[in-house]
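> pasting a predicted model and its sequence here:
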Amino acid sequence: MKPTSAAPSVAPAVEAEGVSRRYGDVAALAEASFRLEAGRFLTVLGPSGSGKSTLLRLIAGFEAPDAGRLRLYGRPVEAIPPHRRSVGMVFQRLALFPHMTAAENVAFPLRMRRWDARDIPARVARFLSLVRLDGLGARRPHELSGGQQQRVAIARALVFEPELLLLDEPLAALDAKLREEMQLEFRRIQRELGVTTINVTHDQREALVMSDRVIVMDQGRILQDADPETLWREPAHAFVAGFLGVGAFLDGVAAEGPALAIAGATLPGRAPAGRAAPAPGARARGSLRADRVRLAGAGATPAGCHAAAPALVEDAIFEGDRILYELRLPTMGGARLRAIDRDPGAHARHAPGAAVTAGWARDDMILFDAD
Ligand SMILES: Nc1ncnc2c1ncn2[C@@H]1O[C@H](COP(=O)(O)OP(=O)(O)OP(=O)(O)O)[C@@H](O)[C@H]1O
């Protein structure tokens with residue numbers, strides 16, 4: 001799979017062109033196209049059933065696409081015999097060998113590849129150290145914590161320095177704190193080794209924290225392919241806007257401006273980046289992130305806002321470092337909105353039942369076609 005004279009070295013690590021896979025009536029993957037350059041970390045993000053694992057299985061060569069072309073380092077996947085594929089994998093369900101020590105587990109892929117036995121111990125020690133398990137090589141999986149076991153699985157997937165590392169929700173079974181630690185660990189290791197990595201998850205934080213690039217999928221389709229910041233700031237679809245972060249949609253009719261007409265009010269907004277705003281008269285959804293919605297007392301307009309509406313606090317949820325307000329807009333047909341106060345100690349707290357004003361800047365409301 002390494003670039004050879006037959007495959008130009010400029011070939012991307014992975015290249016998918018119109019790749020589709022059906023299971024009976026279900027289009028698990030529909031015309032997926034993307035390129036991934038060598039050394040990058042790509043996350044495929046989407047809800048359950050969106051086709052993430054299907055894409056990963058096709059890249060691993062476990063299954064063949066019904067249509068389209070899939071190339072690894074310039075070579076069609078099907079042309080690479082399974083034993084020549086240089087792919088490491090880590091799954092949610094660990095597949096460590098329970099009767100082997102951590103070191104034996106890590107050594108396994110090297111033995112399978114008929115490495116010289118004299119080279120194996122040093123190599124295993126290096127990779128155990130890379131995942132910060134120095135001194136624990138003699139333990140069996142049941143003598144290790146969940147996070148340590150996951151590190152053994154990572155070392156085992158990487159020890160033969162694969163050209164491609166595939167991760168299928170490897171952190172999903174860990175508790176929240178350990179998961180966050182391991183996200184950073186993964187990132188560190190991936191950068192240290194420079195291994196091209198494709199990670200699959202439904203966890204938006206994980207996608208943003210770990211990746212150079214994120215592909216968002218829904219119902220077998222790639223909706224957006226962007227770096228984490230672009231994805232966060234410039235969602236290209238209402239689905240992406242709703243999937244990332246905390247927010248709400250206001251449903252109305254597109255108006256000139258662009259703007260959203262809702263219950264007699266006209267609220268200024270903007271088009272998604274690089275796309276046209278919904279045509280005036282079309283059904284439209286205005287997406288508003290909770291961290292962009294500002295609150296002031298009833299009758300006042302929050303500073304720096306181009307739009308404001310009276311709101312009733314339905315709930316004020318204390319989340320430690322922030323308060324999440326659930327709001328209702330009585331003058332807008334009872335539409336719901338959310339607001340986050342990131343500095344709750346600095347502001348007066350609005351109690352449930354309080355009448356306030358919710359406001360936002362024009363650029364903070366992105367207008368999507370509702371159809
Ligand atoms: N072997 C199969 N036979 C029939 N249908 C399948 C098969 N594998 C996947 N599907 C269907 O294809 C669609 C995509 O499944 P896939 O496993 O790729 O989703 P996913 O995004 O990885 O979901 P999850 O996050 O739940 O793992 C789903 O509707 C699923 O039910």
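Arrived safely, thanks for sending.

> hmm, residue 151 is touching residue 131, no?
Yes - counting by CB atoms under 8 Å, residue 151 does reach residue 131; the two are 4.0 Å apart. Heads up, the C-betas are built off the backbone N, CA and C, glycines and all.

> joint contacts of the two?
residue 185 (CB atoms under 8 Å, 6 or more residues apart in numbering).

> okay, stretch 359-371 in PDB with CA atoms only?
The C-alpha trace of stretch 359-371 is given here as PDB (Å, rounded to 0.1, in the frame of the first residue of the first chain):
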ATOM      1  CA  GLY A 359     -31.500  39.000  21.400                       C
ATOM      2  CA  TRP A 360     -28.900  38.100  18.800                       C
ATOM      3  CA  ALA A 361     -26.800  39.600  16.100                       C
ATOM      4  CA  ARG A 362     -27.800  39.300  12.500                       C
ATOM      5  CA  ASP A 363     -24.900  37.000  11.600                       C
ATOM      6  CA  ASP A 364     -25.800  34.600  14.400                       C
ATOM      7  CA  MET A 365     -29.000  33.400  12.800                       C
ATOM      8  CA  ILE A 366     -28.300  31.200   9.800                       C
ATOM      9  CA  LEU A 367     -31.200  30.800   7.400                       C
ATOM     10  CA  PHE A 368     -31.800  27.400   5.900                       C
ATOM     11  CA  ASP A 369     -34.300  26.100   3.400                       C
ATOM     12  CA  ALA A 370     -36.900  24.100   5.400                       C
ATOM     13  CA  ASP A 371     -37.700  21.800   2.500                       C
END
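
> find the nearest non-adjacent residue to residue 31, please.
residue 18 (4.8 Å; CB to CB, 6 or more residues apart in numbering).

> ignore the last one, residue 297
Spatially, and ignoring its direct neighbours in sequence, residue 297 is nearest to residue 356 (6.3 Å; CB to CB, 6+ apart).

> that neighbour pairs with what?
residue 297, residue 311 (DSSP bridges).

> tell me which parts of the stretch 51-200 of the chain are close to the ligand?
The stretch 51-200 of the chain comes close to the ligand at residues 51-54, as judged by CB under 6 Å from any ligand atom.

> now with 8 Å, please.
51-57, 168-169, 200 (CB under 8 Å from any ligand atom).

> report the contact partners of the residue nearest to residue 110 when sequence neighbours are not counted.
The shortest distance from residue 110 to any non-neighbouring residue, by CB to CB, 6+ apart, is to residue 120 (5.1 Å). By CB under 8 Å, 6+ apart, the contact list for residue 120 reads 107, 110-111.

> residue 351: neighbouring residues, count only.
If you count neighbours by other CB atoms under 10 Å, residue 351 ends up with 8.

> SS state for it?
coil (DSSP: H, G, I helix; E, B strand; the rest coil).

> about what we covered before: now the buried members of the contacts of residue 120.
The neighbour-count test (16 or more other CB atoms under 10 Å) applied to these identifies 107, 110 as buried.

> switch the contacts of residue 120 over to a markdown table; also include pLDDT and secondary structure.
Formatted as a markdown table, the contacts of residue 120 follow (pLDDT from 0 to 100; DSSP: H, G, I helix; E, B strand; the rest coil):
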| residue | pLDDT | secondary structure |
| --- | --- | --- |
| 107 | 96 | helix |
| 110 | 94 | helix |
| 111 | 93 | helix |
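
> what bridges to the nearest residue to residue 344 once chain neighbours are set aside?
Once flanking residues are discounted, residue 344 sits nearest to residue 323: 4.6 Å by CB to CB, 6+ apart. Using DSSP bridges, the beta-bridge partners of residue 323 come out as residue 318, residue 341.

> my read: residue 323 touches residue 351, true?
No - with contact defined as CB under 8 Å, residue 323 does not count as touching residue 351 (11.0 Å).

> between those two, which contacts overlap?
Common neighbours of residue 323 and residue 351, counting by CB under 8 Å, 6+ apart, are residue 316.

> okay, now residue 290: neighbour count?
Neighbour tally, residue 290, other CB under 10 Å: 19.

> and it, how far from residue 262?
18 Å (CB to CB, to the nearest Å).

> same question for residue 301.
18 Å.

> with residue 127 instead?
57 Å.

> look up the closest residue to the residue of the stretch 101-250 of the chain found nearest the ligand, ignoring the ones flanking it.
Proximity of the stretch 101-250 of the chain to the ligand (CB to the nearest ligand atom) peaks at residue 202, 5.3 Å away. Nearest residue to residue 202, sequence neighbours excluded (CB to CB, 6+ apart): residue 47, at 5.7 Å.

> could you list every residue that touches the one you found?
Applying CB under 8 Å, 6+ apart, the residues near residue 47 are 202, 218, 243.

> just residue 313 next, same as before
The contact partners of residue 313, by CB under 8 Å, 6+ apart, come to 325-327, 350-356.

> closest to the ligand among the residues you listed?
Among the contacts of residue 313, and counting by CB to the nearest ligand atom, the member closest to the ligand is residue 326, at 27.7 Å.

> so the closest one is in which element?
strand 323-329 (DSSP states H and E).

> over to the residue sitting furthest away from the middle of the chain: give its phi and psi.
Residue farthest from the centre of the chain, counting by CA atoms, centre = their mean, is residue 118 at 41.0 Å. In terms of degrees, to the nearest 10, the main-chain angles of residue 118 are phi -70, psi -20.

> and the closest residue in space to residue 338 that isn't next to it in sequence, what does it touch?
Leaving aside its chain neighbours, residue 338 sits nearest to residue 290 (4.0 Å; criterion: CB to CB, 6+ apart). Residues in contact with residue 290 (CB under 8 Å, 6+ apart) are 245-248, 324-325, 338-340.

> just the buried residues of those.
Buried members of those, scored by 16+ other CB under 10 Å, are 245, 247-248, 324-325, 338-340.
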